[in-house]
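Engineer: build me a structure from this.
(chains A and B)
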There are 2 protein chains.
Amino acid sequence: MKNKSISSIGEFGLIDIIKKEFSSKTNNKNIVVNIGDDCFCFKSNNNNIFVTKDILIENVHFKKEWTTPSDLGEKAIEVNVSDIASMGNVKPKYVFIGLAIPKTMNELFFRNLYIGFKKACDKYGIIISGGDTVKSNIIVISITLIGICNNKQIVRRDSAKVNDLIGVTNTFGNANAGIELLHKYGLNHKYTNNEFFLISKQNNPKSRLKESIILSSYINSLIDSSDSLYTSINNIIKNSNKGANIYIDKIPISHNLKKVFKKKKKQLNFALFGGEDYELIFTVSKSKAKIIKKLIPKITYIGNINLSKKIEYFYNGEKQKIKYSGYKHF
Amino acid sequence: MKNKSISSIGEFGLIDIIKKEFSSKTNNKNIVVNIGDDCFCFKSNNNNIFVTKDILIENVHFKKEWTTPSDLGEKAIEVNVSDIASMGNVKPKYVFIGLAIPKTMNELFFRNLYIGFKKACDKYGIIISGGDTVKSNIIVISITLIGICNNKQIVRRDSAKVNDLIGVTNTFGNANAGIELLHKYGLNHKYTNNEFFLISKQNNPKSRLKESIILSSYINSLIDSSDSLYTSINNIIKNSNKGANIYIDKIPISHNLKKVFKKKKKQLNFALFGGEDYELIFTVSKSKAKIIKKLIPKITYIGNINLSKKIEYFYNGEKQKIKYSGYKHF
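Structural biologist: Modelled structure (predicted):
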């Protein structure tokens, strides 16, 4: 075996190693959704118990200087709720907060972080149930969220069907545009309202749990867009063994993003390859797509599923070549 | 509110803030064991689901130079199994591994770490069920372990009874003595067999899950000794609203530790205030104590429970003054 560095293997290479070599190969009848989806799910009598886990590292996933401690706490919970929302009609219930903090951190920062955790938890009825608080030179927030589903409305990423429409819950690219502004000007710059909107989408995103509960009775596959619209669609088609056509002129982009970044190519880059929007991406039959659009008017259909095993892009009916330019985890 | 630093509040101050201000105050009938014990436990139909979470930070909880990646992985699982063992007859089932690693880390280190995770998991029948792998400048290992108990043999730390004997599963102080050797000489020193035993107790500890399952039908209260024998007894009496007499001449100390560190005071300091032994500490009625001793001969009784609300130490029947000199988390 060559002794490669982690960065040359990449995030998906590491996940592959874990899945193939270290996860369970036994056909355990209690495992409902195995490693590789947004959540793991096991059966406990009539309940399905969902578990998701997330680590946020200072200066990798956030910078103290670019956010407030309460926004940071709120976001840490919301992104995990988004993983729960990616599974269908699941109720987030218990959260465990692992926190590594410098011993020089002041009490106010700690309290405000917890005020953020609590605010998001209260919104969803999640109970702060435990965790671990340790010292470190950098801040690490490790969230484990447990959700419960006592019905059959679980939706996975591996069950898209040919001719399904690809639907999305709202606009894309805002969060990534927001981080670009923070990179350039920091938090304490005099921003326009449109710019501030983009920053708030980066610092204070909201999960689409409500929408997920409505969608779950109609759709065939589901994922959130934590890692970008492109990555999410790619995950759906890879796991479902299908392909997709994307109509890039249909991808919804906020008027705020359009005002702040005027170049179309830049807008599309944010929307297609920018992470952290936490919108839902789903596939659904044409007939049910109409019903959903009435229930959640903000939904847009941006493409459809086929057998091609790849993503092809179209603009005004013409095929386009688009190169991946998103975030690399390693 | 004064804006103190985290180090002046201390670990238990932080836990108090979380428990009093941010955890759930509602009387949720599904919560079986709330925040503050080794595990949180909620009811799901007839099952009790236990959750424990732990963060290990490079250069705070371990040093790459002082251990091997597979020992590190194994230990990360064992210490969480120990939290499950602290709750009685509970079966550890699903583990979620959050890992932050430098992108320059080589593949072999990553694989060996996972070989260690897997080795410990296979021993207990635990399934590696998911997690998150992210980049960071330092290694962070965040483990969430879920255990299931479908009977009533849960034992807490808050239920010690007056006149209970205090029992322990084996010797104390080895792991702390081991880390002192590593501090002095590092890993690649030519150690004697006795010294090497102490280092292996630091680097490769084993949980007492088997013993816990046997104990659970007899005992009144239970905890593990991750933070030291003293801290564990203190946690039992505080949570049970009781006191304890400890007969320090009864505290079991390995012959290896006695050979390597010859001074009695030093030995006692390791045994009483040294962390990371992961032995079990329990309280049990006198009559049942005899039965247990037959089932698990290695058990020693080192004290008893009273109403004094403090810990008092005795040596050959004489009261002793002993000052706390253990590890401070912040």
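Engineer: switch to C-alpha atoms for all contacts and neighbour counts from now on
Structural biologist: OK.
Engineer: got a list of what A:K64 touches?
Structural biologist: For A:K64, the contacting residues are A:E58, by Cα atoms under 8 Å, 6 or more residues apart in numbering or on different chains.
Engineer: could you find the residue nearest the spatial middle of chain A?
Structural biologist: Central residue of chain A (Cα atoms, centre = their mean): A:S226, 2.4 Å from the mean position.
Engineer: isn't it right next to A:Y278, touching?
Structural biologist: Yes. Here A:S226 reaches A:Y278: they are 5.0 Å apart, a contact under Cα atoms under 8 Å.
Engineer: overlap in contacts, those two.
Structural biologist: Common neighbours of A:S226 and A:Y278, counting by Cα under 8 Å, 6+ apart, are A:V79.
Engineer: what's near enough to touch the residue nearest to the centre of chain A?
Structural biologist: By Cα under 8 Å, 6+ apart, the residues touching A:S226 are A:79, A:232, A:275-279.
Engineer: can I get the residues you listed in TSV with secondary structure and neighbour count?
Structural biologist: Shown next, in TSV, are those (DSSP: H, G, I helix; E, B strand; the rest coil; neighbours: other Cα atoms under 10 Å in any protein chain shown):
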residue	secondary structure	neighbour count
A:V79	helix	24
A:S232	helix	23
A:G275	coil	26
A:E276	coil	22
A:D277	coil	26
A:Y278	coil	30
A:E279	coil	26
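Engineer: among those, which pair sits farthest apart?
Structural biologist: For these, the farthest-apart pair by Cα to Cα is A:V79 and A:S232; their separation is 14.9 Å.
Engineer: what are the ranges of the helices in the stretch 1-150 of chain A?
Structural biologist: In the stretch 1-150 of chain A, the helices defined using DSSP state H, counting those that start in this stretch lie at A:6-17, A:69-85, A:107-124.
Engineer: deepest-packed of those helices, please.
Structural biologist: Compared across the helices of the stretch 1-150 of chain A, helix A:69-85 shows the largest average neighbour count, a mean of 25 (mean count of other Cα atoms under 10 Å in any protein chain shown).
Engineer: go back to the contacts of A:S226 and keep what's next to chain B.
Structural biologist: When Cα under 8 Å from any Cα of the partner chain is applied, no member of the contacts of A:S226 is adjacent to chain B.
Engineer: would you mind confirming that A:N137 makes contact with A:I101?
Structural biologist: Yes. Using Cα under 8 Å, A:N137 is in contact with A:I101, at 6.8 Å.
Engineer: the more surrounded of these two?
Structural biologist: A:I101 (21 against 17; other Cα atoms under 10 Å in any protein chain shown).
Engineer: check contacts around that one.
Structural biologist: A:133-140.
Engineer: try 7 Å this time
Structural biologist: A:134-140 (Cα atoms under 7 Å, 6 or more residues apart in numbering or on different chains).
Engineer: repeat that for A:D83.
Structural biologist: Neighbour list for A:D83: A:38-39, A:52, A:224 [criterion: Cα under 7 Å, 6+ apart].
Engineer: again, only using 10 Å
Structural biologist: Neighbour list for A:D83: A:37-39, A:50-54, A:92, A:145, A:147, A:207-209, A:223-226, A:278, A:280 [criterion: Cα atoms under 10 Å, 6 or more residues apart in numbering or on different chains].
Engineer: ok, A:T104 next?
Structural biologist: Shown in contact with A:T104 (Cα under 10 Å, 6+ apart): A:135-137, B:4-8, B:330.
Engineer: circling back: could I get the contacts of A:I101 as TSV with pLDDT and distance to A:P69?
Structural biologist: Shown next, in TSV, are the contacts of A:I101 (pLDDT from 0 to 100; distance: Cα to Cα, whole Å):
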residue	pLDDT	distance to A:P69
A:V134	91	17
A:K135	92	17
A:S136	93	17
A:N137	92	17
A:I138	94	14
A:I139	96	11
A:V140	96	13
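Engineer: hmm, A:K93 and A:T52 touching each other?
Structural biologist: No. The criterion here is Cα atoms under 10 Å, and A:T52 misses it with A:K93 at 11.7 Å.
Engineer: which one's more surrounded, these two?
Structural biologist: Each of A:T52 and A:K93 has its neighbours counted (other Cα under 10 Å); A:T52 has more, 26 against 19.
Engineer: give the contact list for the closest residue to that one other than its chain neighbours.
Structural biologist: Closest residue in space to A:T52, ignoring its immediate chain neighbours: A:C39 at 4.8 Å, by Cα to Cα, 6 or more residues apart in numbering or on different chains. Shown in contact with A:C39 (Cα under 10 Å, 6+ apart): A:33, A:49-53, A:80, A:83-87, A:145-147, A:156, B:129-131.
Engineer: please repeat the previous calculation with a cut-off of 7 Å.
Structural biologist: Contacts of A:C39 (Cα under 7 Å, 6+ apart): A:50-52, A:83-84.
Engineer: per-residue confidence at it?
Structural biologist: For A:C39, the pLDDT comes out at 90.
Engineer: ok, now A:I233?
Structural biologist: You'll see A:I233 listed with a pLDDT of 97.
Engineer: A:L257: which of the contacts of A:C39 is nearest?
Structural biologist: Of all those, A:L257 sits closest to A:D83, with 25.2 Å by Cα to Cα.
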